[in-house]
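In: predicted coordinates and the sequence they were generated for:
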Amino acid sequence: MSYDALLWLSFGGPEGPADVRPFLENVTRGRGVPPERLDEVEEHYQHFGGVSPINALNRAAIEAVRAELTRRELDLPVYFGNRNWHPLAEDTVGQMASDGIQRALVFATSAYGGYSACRQYDEDIVRARAACGPAAPELVKLRQFFDHPLFITAFADAVRAAMATLSEPSTARVVFTAHSVPVSADAAAGPAESGGHRYSAQVAEAARLVATELGVADYDVVWQSRSGPAHIPWLEPDIVDHLDTLHDKGVAAVVVCPIGFVSDHLEVIWDLDSEAKDRAGELGIEFARAATPGTDQRFAELVVELVAEHVSDVPARALSAFPSAGCTVNGEPCATDCCVQPRR
Ligand SMILES: CC1=C(CCC(=O)O)c2cc3nc(cc4[nH]c(cc5[nH]c(cc1n2)c(C)c5CCC(=O)O)c(CCC(=O)O)c4C)C(CCC(=O)O)=C3C
Ligand SMILES: [Fe+2]
């Protein structure tokens, strides 16, 4: 099969104070997130001048991928489109059509399965193609990569580097964190017949693989950035509450590894580098945060390897026993009842 472009599909983020509210409205439309929560999150963004780092990080990662494609003599232009903010996927796919692109691969900036991490990107593909009409290119989404050796090894090195900044590295507790989702969303994650919980199970597996590479036997997997109304249960424990638990157990230092994310966007620099770090400070726990892999050269290599699986029959590398998933055409779900959106 031949392809004539790569579409980099991401979440999007505001690029100035006036963008923040409309961006948040886009993210939460129809999702029952209370306005008080939006006010709170708006403040986090305004704290950084209304600019999320996510777009600049994506642009830098795309440049690295372009260079890696060139190095491997894969001649594919790379386009950039987002779910929630400009450049919007709808506009980008329209541009691709007018540039004559007929079939493109899509890299979505999430490593995992689940509604928010996988299937919602399928919905973005469907929406963007519909907006474009009959000239829309065929869009083939690349697979989930939470267990790719390059993803795991980049995180393992980042944990090592963060650990080295602590006064007694060997005593530090390694704490993996990923974006919380409603318990109902996690229960519906994965193909229905597999029993659900695919998202939390993949996060746990990625954490186990990184810990194994590090030779760390004891570690925790916790959650962060919960949203939604308070009466709806989300995955727990929250990272901030978990620091209290670790303090009670006498833990004096932590290395927090944001295994659920690919770049140091706002959920990482606010919820971890500000909220969690401040709580650790109050508790007298020494705190270090591992970098995400998005700006690591190995991440560009990983993306290009996923592309090469399609264009040059490179075998798919994966360290877990989970079936390969997330690769579908034109935003089709992996299976009919796969990762359905929970009812609110
Ligand atoms: C699993 C998951 C990922 C990881 C997979 C992936 O990376 O795609 C992720 C990533 C991100 N989430 C982000 C931002 C936000 N997420 C929100 C809200 C929500 N996230 C959810 C889940 C996830 N989110 C869910 C279930 C909600 C509730 C509303 C709904 O059901 O959809 C809200 C609303 C306000 C609030 O937090 O309440 C914001 C602003 C940003 C951009 C940060 C930046 O701007 O730098 C990124 C990368
Ligand atoms: Fe989110």
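Out: Arrived safely, thanks for sending. Residues are numbered from 1 along each chain as shown. Ligands and ions are numbered 1, 2, ... in the order given.
In: which residue ranges make up the domains of this protein?
Out: 5-145+296-311, 149-293 (automatic domain parsing).
In: tell me how far the first one lies from the chain's centre.
Out: Spelled out, it's domain 5-145+296-311. 11 Å (C-alpha atoms, centre = their mean, to the nearest Å).
In: can it be found next to ligand 1?
Out: Yes: using C-beta under 6 Å from any ligand atom, domain 5-145+296-311 reaches ligand 1 at 11, 13, 24, 27-28, 31, 33, 37, 41, 52, 54, 109-110, 116-117. All C-beta atoms are positioned from the backbone trio N, CA, C, and that covers glycine.
In: with the last one instead?
Out: Yes: contact check for domain 149-293 against ligand 1, using C-beta under 6 Å from any ligand atom: residues in range are 179, 181, 225, 227-228, 260-261, 265-267.
In: could you pull out the strands for the chain?
Out: Under the criterion DSSP state E, the chain contains strands at 5-10, 78-82, 103-108, 138-141, 173-179, 219-224, 253-257, 286-289.
In: deepest in the core, which of those strands is it.
Out: strand 253-257 (a mean of 27; mean count of other C-beta atoms under 10 Å).
In: returning to what we had before: now, of the residues of domain 5-145+296-311 next to ligand 1, which are buried?
Out: Buried residues within those, counting neighbours by 16 or more other C-beta atoms under 10 Å: 11, 13, 24, 27-28, 33, 37, 41, 52, 54, 109-110, 116-117.
In: max pairwise distance over these: which two?
Out: Using C-beta to C-beta, the pair of those lying farthest apart is 37 and 109, separated by 23.4 Å.
In: the residue lying farthest from the centre of the chain and ligand 1, how far apart?
Out: Most distant residue from the mean C-alpha position of the chain: residue 250, 31.7 Å away (C-alpha atoms, centre = their mean). Distance, residue 250 to ligand 1, by C-beta to the nearest ligand atom, to the nearest Å: 32 Å.
In: hang on, the earlier thing: and the domains of the chain as CSV, adding distance to residue 331?
Out: Output for the domains of the chain, formatted as CSV (distance: least, C-beta to C-beta, whole Å):
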stretch, distance to residue 331
domain 5-145+296-311, 3
domain 149-293, 17
